[in-house]
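# I'd like to go over a predicted model; first the sequence, then the structure.
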Amino acid sequence: MDRQEKIESLLDDAYSTDDPEEMERLARAVLELQDDNVEALILLADSIEYSEEKIALLEKAKECLSDVIEGLSITEGENVLDDDDGMLYVAVLQRLGFALFSEGRNSEAFSIAKEIIEYDRNRETLGHTLLYRVLLEMGKDSELLEETRGEDNSDPAVTHSRAIASFRLSGACRSSYNELWKAFLSGPDIPFYILGYFDEPLDDSEEAEEAYNFSLLFEDIWSSDMDLINWLARATILLGLAASLFPGENTEKMLILADALEIADHAENAMVTLESREDWGKFSREKRIANAIDLFSQGTYLPLID
């Protein structure tokens, strides 16, 4: 077996294993044979925790691919992501951006996010999510609101970022609540995961997995300020009680917590209003959520602090 065949065999084994330690061993073995093998650099980076080593590996992979990207002939209307090398380069950028962000290197992560977005014409990556998360971390709330103006309200990255920025700029006012309820509509379970009211989903639902993974990315920023996390908790408890989302044994606990957060009366009023609707007991989970959020969006069911 010659050198190239051995490299290909090691890479095949690395791709087929589910054991991060084995993947790391195999990737390092490839790099001993070829220290600029991009696939091995990415595999090794994927197998280790966020760290300066991970960043160094991804920066090297980026450097190895830079000449290839510069040589790509992408005509107007074409997408870099349609090219295999282009897709690989952007995948490296995305990994690098989040690695930089995790290590607090926000300015560099911001630059990487901007570069990803330049290549991602159809929003197939997490470039915008990274950009919004970095802007929030840097406290650039006004810039974030401008950046997300007119963006898709079905995207949790947009809605959660706007809700956080709005609250930090204006407090619990009507416009902030408007952004918050949009965040709930974009993924009703996400706030429950962020607050630990729902456990990690055990089923194979892609939607549930995406919601849970998103909650992990935004949990820290929601929890960065006591007033902010309490604001989210009030809205989440209100929705959970009004739409009957909590398991029966947890309902009493949430009523006690609602009282502690001074929203017990708000929750009771919402529950009475919704439960008086014809056939409310026959509504699906999704329909109960939609009706509850619509009700909250129209009136004042939580404390206003202008």
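Everything's here; your move.
# every contact and neighbour count from this point should use C-alpha atoms.
Will do.
# which ones are touching residue 50?
Neighbouring residues of residue 50 by CA atoms under 8 Å, 6 or more residues apart in numbering: 99, 102, 103.
# do the same with residue 21
By CA under 8 Å, 6+ apart, the residues touching residue 21 are residue 47.
# shaky segments in the stretch 101-250 of the chain?
Scanning the stretch 101-250 of the chain for pLDDT under 70 picks out 204.
# can you show me the strands along it?
Assigned by DSSP state E, counting those that start in this stretch, the strands in the stretch 101-250 of the chain number zero.
# show me the helices in it, by range?
Ranges of helices in the stretch 101-250 of the chain, per DSSP state H, counting those that start in this stretch, are 106-119, 127-137, 141-147, 156-170, 174-186, 190-195, 206-222, 226-242, 248-260.
# just the C-alphas of the fourth one, formatted as CSV.
These are the backbone C-alpha positions of helix 156-170, laid out as CSV (Å, rounded to 0.1, in the frame of the first residue of the first chain):
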residue,chain,number,x,y,z
PRO,A,156,-35.3,31.8,15.2
ALA,A,157,-31.8,33.5,14.8
VAL,A,158,-33.6,36.6,13.6
THR,A,159,-36.4,36.7,16.1
HIS,A,160,-34.5,35.8,19.2
SER,A,161,-31.8,38.3,18.3
ARG,A,162,-34.3,41.0,17.8
ALA,A,163,-36.1,40.2,21.0
ILE,A,164,-32.9,40.3,23.0
ALA,A,165,-31.7,43.6,21.4
SER,A,166,-35.1,45.2,21.8
PHE,A,167,-35.3,44.4,25.5
ARG,A,168,-31.8,45.6,26.2
LEU,A,169,-32.5,48.9,24.4
SER,A,170,-36.1,49.5,25.6
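# just checking, what packs against it?
helix 127-137, helix 141-147, helix 174-186, helix 226-242 (3 or more CA pairs under 8 Å, 6 or more residues apart in numbering; DSSP states H and E).
# those helices: which one's closest to residue 284?
helix 226-242 (13.4 Å; CA to CA).
# how far away is residue 165 from residue 239?
Distance of residue 165 to residue 239, computed by CA to CA, to the nearest Å: 21 Å.
# also residue 101?
In terms of CA to CA, residue 101 sits 32 Å off from residue 239.
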